Every structure is written in structure tokens, then in C-alpha cells.
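Asker: give me coordinates for this.
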Amino acid sequence: MKSAFNADKQMLLEKIGQLEGKLQDRMREIQSQQQKVHMLTQSESSMKNELNFWNGKVTTLRRDSESLQTFAEKMQAENRKLQVDAEGLRLELDTKDKNLQLARRELGGLTDDNERLRRMYDIV
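Answerer: Presented below is the predicted three-dimensional model:
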């Protein structure tokens, strides 16, 4: 009876040892899984932060691009206006130059007339 008891005891101790071993394996596996979950959570948080950073960069670049586009459009409009103004001033300058040439010719003609009149009165 004692040997049967000892055999049963030995078998139960082995079974308990096996169960404890399985329990320790499961505990290590659970701890490993928890560490993986924790690392994945940190990685996800890091990726979210990086995504927010890049979204901010994209938003800033888009805003800068839009403001540069607006500035370029204003500069083009101003350049067109300046070209029209310059063309108007060029036409005005040409007109004044022609008027000056006419005035010089008229002055030359009047000088000739005065010279002729002076000679005529000198003769008389």
C-alpha cells in the first residue's frame, strides 16, 4: 500500500511539476505577448506622431504654395499694368518728341522769316 501511495504521490508530483512548467511557460508567453503589445502601442504612438508631423508639414507647404501662387498672380498683374503704363508713356514721349520737332521747325522757319524781314528793313 505504501508503494502504491508513493507511486501515486510520485505521479502527482510529476503531474504538478508538468503543470507548473506549463504555467511558467504560459506566464512567459503572456509576458512576451504583453511586451509585444506594449512595443506595438509605442510604435503606433510614434507613427501617429510622425504622421501628424508630416501632415503639419504638408499643410504648411500647401499654405506657402498658395500664398506664393497668390503673390505670383499679383506680380503678373502688376507687371501687365506696368507694361501698359510704359507703353502709354512711350506713346506720350513719341508724341512730345514729334511736337518738339515741329516746334523746332516752326522756330527755324520763324527765325528765317525774321532774318528776311531784318534784311528787308536794312535795305529800306
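Asker: C-alpha from now on. contacts and neighbour counts both.
Answerer: OK.
Asker: all helices for the chain, in order.
Answerer: Ranges of helices in the chain, per DSSP state H, are 2-123.
Asker: okay, now the unreliable bits of it?
Answerer: 124 (pLDDT under 70).
Asker: change it to 90
Answerer: Filtered on pLDDT under 90, the chain yields the residue ranges 1-9, 109-110, 112-124.
Asker: show me the residue at the heart of it, geometrically.
Answerer: Residue closest to the average C-alpha location in the chain (CA atoms, centre = their mean): Leu61, at 2.4 Å.
Asker: could you check how far that residue is from Ser67?
Answerer: 10 Å (CA to CA, to the nearest Å).
Asker: then stretch 10-23 to CSV, C-alphas only?
Answerer: Taking Å, rounded to 0.1, in the frame of the first residue of the first chain, the C-alpha atoms of stretch 10-23 are listed here in CSV:
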residue,chain,number,x,y,z
GLN,A,10,5.3,10.5,-7.4
MET,A,11,2.9,10.6,-10.3
LEU,A,12,1.0,13.5,-8.8
LEU,A,13,4.3,15.4,-8.1
GLU,A,14,5.3,14.8,-11.7
LYS,A,15,1.9,16.0,-12.9
ILE,A,16,2.2,19.1,-10.6
GLY,A,17,5.7,19.7,-11.9
GLN,A,18,4.5,19.4,-15.5
LEU,A,19,1.5,21.7,-14.8
GLU,A,20,3.8,24.2,-13.0
GLY,A,21,6.2,24.1,-16.0
LYS,A,22,3.3,24.7,-18.4
LEU,A,23,2.1,27.5,-16.1
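Asker: how far away is Ser46 from Arg63?
Answerer: For Ser46 relative to Arg63 (CA to CA), the value is 26 Å.
Asker: and for Phe71?
Answerer: Phe71 is 12 Å from Arg63, by CA to CA.
Asker: could you do Thr70 as well?
Answerer: In terms of CA to CA, Thr70 sits 11 Å off from Arg63.
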